[in-house]
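J.: sequence and predicted model, in that order:
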Amino acid sequence: MNSYFRAKVLSNTPLNANTFLLILQPVEQVREPVPGQFYMIETGSSYDPLLKRPFSYLRRTPEGIQFLYSIRGKGTRLMRDFQPGKNVQAIGPLGNGYPKAGTRNTPVLIAGGTGVASIFSLAAQLPSKAYILYGARCNEDLILLNEVKELEHRDIVCIDCTDDGSCGMKGTVIDALNELIATDFSRIPSPLLYACGPRPMLESLSQIAREKELKGYVSLEEHMACGFGACLGCTVSTVKGNKRVCKEGPVFPIREIVW
Ligand SMILES: Cc1cc2nc3c(=O)[nH]c(=O)nc-3n(C[C@H](O)[C@H](O)[C@H](O)COP(=O)(O)OP(=O)(O)OC[C@H]3O[C@@H](n4cnc5c(N)ncnc54)[C@H](O)[C@@H]3O)c2cc1C
Ligand code: FES
């Protein structure tokens, strides 16, 4: 089955001043994604911007593929104007998803900002006890808080935090993780970290993972041009040499990245 596909915009709904929920309905057969994979989405039909933009999928439902995106620059500003019925070209699912946790592991999921899209796709599939630490700058930016809290019915402990203290714990997800480590961590069997968010957050997390000898995975959001391994534009340094985020990632073992 081809990774290139055409889709129709089913809806494009603002969730706060800067973040939208986009639902694309493929008009041809597509491969099913696994949590952590992403799609390249065409943002404009002219040459500017020429390149598709990468987005993690949030949910796959019978009606379509859901994405959560924040306005950053030209491409995402064009996406903001997508109207229902618009035809869009996309490529995906791309990259490697999150490796499954072992039966004895307790997944500890950490989401910063729109990194919650990637982490939520994983959380929604977890079979057993897990923790999810979800942080953003302020209350309005915790856009998926209700959906994340609903997971508590399935024995998933949700710890939310905001930089300004307007919701949940005051501080970053790194502060929340340090707090969890200081209090409950010794009672959590074989914690396994899964994280997606801004680069400084992932870098701090990987430092903690090294210091505390924790295992886990990070999903990186590098700039991408092609999305399928051809241009080398998304290369990062790892302890095993240079790797392409779009092809060998976006998910990497947490202690492998050289920041
Ligand atoms: C695998 C992957 C999954 C992603 N998933 C999501 C998602 O689910 N939701 C979401 O909102 N965004 C996600 N992103 C980031 C998203 O691709 C960028 O925000 C988008 O490409 C910006 O396009 P633009 O044309 O609007 O901005 P541009 O005009 O290209 O850039 C505007 C500004 O944003 C910065 N920027 C652009 N891309 C990135 C990036 N990847 N990382 C950090 N800074 C960047 C630029 O340096 C510039 O300052 C993901 C990225 C990757 C690689
Ligand atoms: S974006 Fe081209 S190789 Fe990764």
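T.: Sure thing, it's come through. Ligands and ions are numbered 1, 2, ... in the order given.

J.: can you pull the contacts of Leu126?
T.: Counting by CB atoms under 8 Å, 6 or more residues apart in numbering, Leu126 makes contact with 101, 107, 154, 156. From N, CA and C alone the C-beta is placed, and that goes for glycine too.

J.: ChimeraX command for the buried members of the residues you listed?
T.: Buried subset of the contacts of Leu126, written as a ChimeraX selection, criterion 16 or more other CB atoms under 10 Å:
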select :101,107,156
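
J.: state the pair within the contacts of Leu126 that is farthest apart.
T.: Ala101 and Arg154 (14.8 Å; CB to CB).

J.: need phi/psi at the residue of the chain at minimum distance from ligand 1.
T.: Per CB to the nearest ligand atom, Gly73 is where the chain lies closest to ligand 1, at 2.1 Å. Backbone torsions of Gly73, given as degrees, to the nearest 10, read phi -150, psi -150.

J.: equivalent analysis for Thr238, please.
T.: The phi/psi pair for Thr238 (degrees, to the nearest 10) is phi -130, psi 170.

J.: mind checking the SS state of the residue of the stretch 51-200 of the chain found nearest ligand 2?
T.: Using CB to the nearest ligand atom, Pro54 is the residue of the stretch 51-200 of the chain that sits closest to ligand 2, at 7.9 Å. Recorded secondary structure, Pro54: strand (DSSP: H, G, I helix; E, B strand; the rest coil).

J.: excluding its backbone neighbours, what's nearest Arg60?
T.: Once flanking residues are discounted, Arg60 sits nearest to Pro33: 5.8 Å by CB to CB, 6 or more residues apart in numbering.

J.: for the most centrally placed residue in the chain, give me its contacts.
T.: When CA atoms, centre = their mean is applied to the chain, the residue found nearest the centroid is Ser118 (2.5 Å). Residues in contact with Ser118 (CB under 8 Å, 6+ apart) are 35-36, 38, 56, 111, 196, 219.

J.: now name the helix or strand holding it.
T.: Taking DSSP states H and E as the definition, one finds Ser118 inside helix 116-123.

J.: now the element after that helix, going C-ward?
T.: Once helix 116-123 ends, the next helix or strand along the chain (criterion: DSSP H and E) is strand 130-136.

J.: tell me the helices and strands packed up against that next one.
T.: Applying 3 or more CB pairs under 8 Å, 6 or more residues apart in numbering; DSSP states H and E, one finds that strand 130-136 makes contact with strand 106-112, helix 116-123, helix 145-150, strand 156-162, helix 173-183.
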